[in-house]
Structure formats: structure tokens, C-alpha cells
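*Asks:* turn this into a model:
(2 chains)
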Amino acid sequence: MDTAFLPPELLRMLIAALFVVTVVFVNALFMVYAERKIAGHIQRRPGPYEVGWHGILQTLVDGIKLMTKELVIPRDANRMLFRVAPLLAFTPVVMPFLVLPFSENLTIIDMNIGLIFILAMASLNVMAILVAGWSSNNKYGLFGAMRSVAQNIAYEIPILLSLLSVVLITNSFSMRTIVEAQISGLWFCLLQPLAFIIYLIAALAETNRAPFDMPEAESELTAGFHTEYSGMGFGLFFLGEYTNMFIVSSVAVAVFLGGWSGLPLPMDAWTGAFWFLLKVYILMFIMIWVRWTYPRVRFDQLMNLSWKYLIPFALLNLIVTAVIVKL
Amino acid sequence: MKFYKGDRFLRRQIFDSGLKIDSAGVPGYFVAVLMSDYRPEAQGVFGMLIEEESLIEYMYIMLFLGVGFAVAFAPFVAAWMLAPRRKNTGSHESNYECGIEPYGKAWDFRYGVAYYLYALIFLAFDVDILFLFPVATAFHEAEPLRAIVEFVIFVGILSLAIVYAWVKGVFNWQRKNNS
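*Replies:* Numbering: from 1, shown residues only, chains lettered A, B, ... in the order given. The predicted model follows:
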């Protein structure tokens, strides 16, 4: 490609887009394999083993298989909404990468509303699930979508409140400022332990993962909102879920776990990115670990955990933070 | 129209930032472009020098929206070309209901009223939390005592929504007696 006549900012934009798409797909390929392998070993079986060395090509092959499957649209479905829902699920998932601070230098743009931008884009996920469940005109799909929306809006509030108590300290939504505040001081998981725990629990629920995977509780709802989706329609929801895991963990790392800070390593400019990704993948390993360890909670327990415990404690934490900041 | 020599410019920028990219190939160059420092003179797009930084941010957001959509759409194009097309038998396109003939339409079914109640508390709550966002950014500028008192009053009124729902029994799901 002849880049000589492209203006630098445009070239940088295109490179950033390519970078993000690569991260999304590599992360999904790696995480699906990791999830199946870890799940296997937790259950004392080897997991995928046939395709490639220790089954390492399994996800790639699965992806190709998904692409060659027929896209069935049910007769009773709302055809337009049914087609739009997977696109709606995947498109906003790319956006938060714009502001994630991978390292001191490696931030695509550092917006002054970074954290709000991530939250806004992450909450669009609910729309996709509702559209998917509603349009497929399937009882499992509709009930799964209803549960998922109720769950997602319930757990959005503890996330907002726990992040707000950090913003009260930093007084800025810029991701870079938040990380730099932790490098000069203490990590916020030490200053705000309650907010950190609340965020982690709510994040598990926000990404619809076990023990809060109500929308797709397979023993009662078949597959929840994506029951009717075959082939790539299902694939995109799946891809979106794993990318959401990455985003949620990245926000946790940037806001609570010191972002790119860590011990100095002889990798000059790449050290920050190394520490950031290491922390993100440790968090994601914990999310997988939790999924294969705990049983699913009942739906009313799930809703009340948020409204009766997480939100009151998050509000209390917010008030205490506000008082201490001003003392 | 004045065009910048983009690639040459970015390479100079990388060099000035002190990053070594000779060994890392094309991926290294790409990441180095993202890592090298911003310069105001770099913000030329289509020959225009854009001084407003938020405009550049909007351009990034629009581009990412487009890229996200394209990346989501491409697999469907691939699937459309690769996927088999089967002859439509009677039950091929019917809804999945564990093998039996679908009974009625899902859109006619009703679900628990608790969902609406949760949605109502959410509305009351979430919209109020939005007001806390600007408060959080300006909190350090406020006078201490007044800031604390006003903050506590606001959050106190906010939590009345939960207290009210709790007292009214929204959080107790009653067991249905169908027997």
C-alpha cells in the first residue's frame, strides 16, 4: 500500500482500527481455547485435544465451521430485527478500545470522558440482547432476553457507583489521569477495596457469565436469547461476549489495579503493555475459574443480590469516600 | 489542498520518540505509530489542519463505528457465500421448542410484573446517578462542609428509592400457588 500521500492522522486512525480488530479476534481465539482447556482441567478431562498440538487450532476450526453454516431465520421471526441484532451486539464492542490505556504511550486517544464513553458503549449490549430475544419470537429467547435486561440494568448501577467513588478521588474521567493517580499514590484496589469487590461481582453479571449467566441458563432456557441463532449469528454474540470480558477486565485493571504500572523490565517501551495485559489475563482467568466452580444462582436471588446488598454498600462507600476526600 | 507525507512523518515521529522498530517488522511499525507522541502538526486530515481536538476524537469514533460494523458484517457475507441452502421443508423454519410444534406465539406470552417494577426503580435511580458524574469531576473545587452536606442529602434522597421499594416488598418474590 502506498502510504506516502495519506495524511498522518488518517493513517494513524486506520492503523488504530486494524490494531483493535486484531486484538479483538486474537483475544477471542485465545480466550475460547483457554476457557475450554481450563474448564477441561477443572473437570479432570483434557479439553480439546485433536486439532493441532493439544487442540490449539480448535477455535480457528470452529470459527470456519460457524461461517459455513446455514443462517436459518425462523418463519415467525421479525426478519429485519433478527438480522440486525448480531451486528448491534458486535459493533459497540469495538468502541471502548479507543480509550483503553494499554500502556503509557499506547492509548489510541485519551478522551477526557474516557470512562463514561466505555460505560455508554458497554451498556448498548443490553439493546442487542433485547432485540435478539424479542425478534426471534421464541419463548426461550424472549424470557432469556427479559431476564438479561433486568439483570444488566440492575448490575449497571453498582458498576457506576463503584467507579464513581474512584472518580471522586481523581476528579477526572480520563483513563490516563486515573492510572497516573495510582502510580503516584496507592492502587485504588487498596484505597477502595469495597468498590473493587463490588465492581468485580457486578462485572461478572454484566458480561452474563456464570454464576450469573441467567440469560442463557441452558438447563431451563436452552440457550436464552440466542436460541434461534445459527452459524455466524451465534458466532458474533459469542465474539462479543469474550470481547466484553476483555473490556470489563481492562477497566478493572485501569481503574483499580494500577493500569500499566508494575516492576521495571528490560523491555523498554513494551513493559507497560506487558503488565497491563498480564493483569487483564489474570482477571479473565479468575472469571473462567469462577464460572467452572460455582453453581448458577436463582433469578430472584440474583436481582436481590444487586438491589439489597451491592447497591446499598456501593452508596455507603460513595458517601464515606466523599467525606474522607474532603477531610 | 496540502497533503502531508503521512508515512514519512510518522516514521520521523517514531524516531523522535526513541522507539526501536527496525526488528519488529510491519506489526512493530503499526504499534509504534500508536505509541509515538501526538503532535499538533500531525492532526492534518485531508489537507485541513484541524485545531479542535474533539473533532479528531469524533472522527476516530465514526471510523470505529464503521469498522465495527464492517467487521461484524463481513462474516455474514462469508456465510452467505459459503453456507448451504437447503430446500424448505415444513419444520425447517419453525421456532425451536424442543421438538414439539410451537404452541402460540412468544409475543403473546406474559412475564412477571416484577420486571416492570425493577425497571421503574432503575429509571428513578440511574437518571439520578447521572447527576453525580459532573459532581464527581468538580468535587475538589467545592467548599468542604457544603460539599459533604449536599452530597449526603442528594445520595440520601436517592437511596429512598430503594428503601421505598424494599418496604413495599418488591424484593420479595412470592411463590405461586398453583395447586
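
*Asks:* so who does residue A:300 touch?
*Replies:* By Cβ atoms under 8 Å, 6 or more residues apart in numbering or on different chains, the contact set of residue A:300 is B:114, B:173. For the C-beta atoms, the positions are set from N, CA and C on the backbone; glycine is no exception.

*Asks:* separation between it and residue B:78?
*Replies:* 42 Å (Cβ to Cβ, to the nearest Å).

*Asks:* cool, and residue A:193?
*Replies:* Distance from residue A:193 to residue B:78, by Cβ to Cβ: 47 Å.

*Asks:* the more surrounded of the two?
*Replies:* For residue A:193 and residue B:78, the more surrounded residue by other Cβ atoms under 10 Å in any protein chain shown is residue B:78, and the numbers stand at 15 against 12.

*Asks:* ok, that one - contacts?
*Replies:* For residue B:78, counting by Cβ under 8 Å, 6+ apart, the contacting residues are A:67, A:232.

*Asks:* next, give phi and psi for it.
*Replies:* phi -60, psi -40 (degrees, to the nearest 10).

*Asks:* please report phi then psi for the residue positioned nearest the centre of chain B.
*Replies:* By Cα atoms, centre = their mean, the mean C-alpha position of chain B lies nearest to residue B:65, the distance being 10.7 Å. Note on residue B:65: its backbone torsions stand at phi -60, psi -50 [degrees, to the nearest 10].

*Asks:* so what pLDDT did the residue lying closest to it once chain neighbours are set aside get?
*Replies:* Counting by Cβ to Cβ, 6 or more residues apart in numbering or on different chains, residue B:65 lies nearest to residue A:91, which is 6.6 Å off, once chain neighbours are set aside. Looking at residue A:91, its pLDDT stands at 88.

*Asks:* next one: phi and psi at residue A:91?
*Replies:* phi -60, psi -50.

*Asks:* ok, it touching residue B:66?
*Replies:* No. Judged on Cβ atoms under 8 Å, residue A:91 makes no contact with residue B:66 at a distance of 9.1 Å.

*Asks:* okay, those two: which has more neighbours?
*Replies:* residue A:91 (24 against 13).

*Asks:* and the more buried one, what does it touch?
*Replies:* Contacts of residue A:91 by Cβ under 8 Å, 6+ apart are B:65, B:68-69, B:72.

*Asks:* mind giving me a markdown table with these and columns for secondary structure and pLDDT?
*Replies:* Shown next, in a markdown table, are these (DSSP: H, G, I helix; E, B strand; the rest coil; pLDDT from 0 to 100):
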| residue | secondary structure | pLDDT |
| --- | --- | --- |
| B:65 | helix | 89 |
| B:68 | helix | 88 |
| B:69 | helix | 89 |
| B:72 | helix | 86 |
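
*Asks:* tell me the two of the residues you listed that are most distant?
*Replies:* B:65 and B:72 (10.9 Å; Cβ to Cβ).

*Asks:* pLDDT on the helix or strand harbouring residue A:156, on average?
*Replies:* Using DSSP states H and E, residue A:156 maps to helix A:139-170. In this model, helix A:139-170 has an average pLDDT of 87.

*Asks:* give me the nearest residue to residue A:145, chain neighbours excluded.
*Replies:* residue A:133 (2.2 Å).

*Asks:* how about the most centrally placed residue in chain A, phi and psi?
*Replies:* The centroid of chain A falls nearest to residue A:244 when counting by Cα atoms, centre = their mean (2.2 Å). Residue A:244 has phi and psi values of phi -60, psi -40 when expressed as degrees, to the nearest 10.

*Asks:* quick one: pLDDT of it?
*Replies:* Looking at residue A:244, the pLDDT reads 90.

*Asks:* now do the contacts for it.
*Replies:* A:93, A:122, A:125, A:206-207.

*Asks:* now, which of these sits nearest residue B:132?
*Replies:* Closest to residue B:132, out of all of the contacts of residue A:244 and judged by Cβ to Cβ, is residue A:122, at 18.1 Å.

*Asks:* burial count for the closest one?
*Replies:* 23.

*Asks:* in chain A, which spans are helices?
*Replies:* A:8-42, A:58-67, A:79-94, A:114-123, A:125-135, A:139-170, A:175-184, A:188-191, A:193-206, A:218-221, A:231-256, A:271-291, A:299-304, A:311-326 (DSSP state H).

*Asks:* tell me the pLDDT of residue A:34.
*Replies:* 90.

*Asks:* what about it, how many neighbours?
*Replies:* Count around residue A:34 with other Cβ under 10 Å applied: 17.

*Asks:* what's the answer for residue A:30, then?
*Replies:* Residue A:30: 15 neighbours (other Cβ under 10 Å).

*Asks:* tell me the contacts of the spatially closest residue to it that is not a sequence neighbour?
*Replies:* Distances taken as Cβ to Cβ, 6+ apart place residue A:59 nearest to residue A:30, at 7.9 Å, with adjacent residues excluded. Taking Cβ under 8 Å, 6+ apart, we find residue A:59 in contact with A:28-30, A:32-33.

*Asks:* where does chain A have low pLDDT?
*Replies:* Where chain A drops to pLDDT under 70, the residues are A:1-8, A:214-218, A:267-269.

*Asks:* please tell me how far the residue lying closest to residue A:50 once chain neighbours are set aside sits from chain B.
*Replies:* Excluding the flanking residues, the one nearest residue A:50 by Cβ to Cβ, 6+ apart is residue A:58, at 7.8 Å. Remark: distance between residue A:58 and chain B (Cβ to the nearest Cβ, to the nearest Å) = 18 Å.
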